[in-house]
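**Q** quick one: sequence and predicted model below, then my questions.
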Amino acid sequence: MARLILLTQPEFVPAIAPHLRAHDPAIVLDLAVTLPQLEAALAKDSANTRVISFGSGVIVPAAVLTRLSGPAYNFHPVRRTMQVFSVGVRALRRRTRLRRDAA
């Protein structure tokens, strides 16, 4: 069974959840507002689990992303002017940093 963890603010849930359920009425939809809540939700079961972050300021660590069975996505607002407001999306990926060893 597919499972989705929605990482967002509680006030966004009524606007987002019905659209997600419309695509798959059988989906298990969990809510996380904080990183500890996200980690607790993944501790229950990470198989067949994806994360969608919508308007959340939570930075998801690489160790959390590697526990997912598929990609995670971050939807974030992009304010261009006071009259134009749009949303950007990107896949969450682990960041790797190159380290120079001292010679």
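**A** Okay, I see it. Numbers count the residues shown, from 1 in each chain.
**Q** which stretches of the protein have low pLDDT?
**A** 1, 78-103 (pLDDT under 70).
**Q** any idea where the strands of it begin and end?
**A** Using DSSP state E, the strands of the chain run over 3-8, 28-32, 49-54, 72-79, 85-92.
**Q** count of residues packed around the closest residue to Ile16 other than its chain neighbours?
**A** Distance criterion Cβ to Cβ, 6 or more residues apart in numbering; nearest residue to Ile16, sequence neighbours excluded, is Phe54 at 5.9 Å. For glycine as for every other residue, the C-beta is placed from the backbone atoms N, C-alpha and C. Using other Cβ atoms under 10 Å, Phe54 has 20 neighbouring residues.
**Q** can you give me the distance of Phe54 to Ala47?
**A** Remark: distance between Phe54 and Ala47 (Cβ to Cβ, to the nearest Å) = 23 Å.
**Q** phi and psi next, for Gly55.
**A** Backbone dihedrals for Gly55, given as degrees, to the nearest 10, come out at phi 60, psi 30.
**Q** was I right to think it contacts Val33?
**A** No: under the criterion of Cβ atoms under 8 Å, Gly55 makes no contact with Val33, lying 11.0 Å away.
**Q** list residues touching both of those two?
**A** Common neighbours of Gly55 and Val33, counting by Cβ atoms under 8 Å, 6 or more residues apart in numbering, are Thr8, Gln9.
**Q** the residue nearest to Ile16: what's it in contact with?
**A** Phe54 touches Leu6, Leu7, Thr8, Phe12, Ile16, Phe75, counting by Cβ under 8 Å, 6+ apart.
**Q** now do the second one against Ser46, distance only.
**A** To tie it back to what came earlier, the one meant is Leu7. According to Cβ to Cβ, Leu7 and Ser46 sit 14 Å apart.
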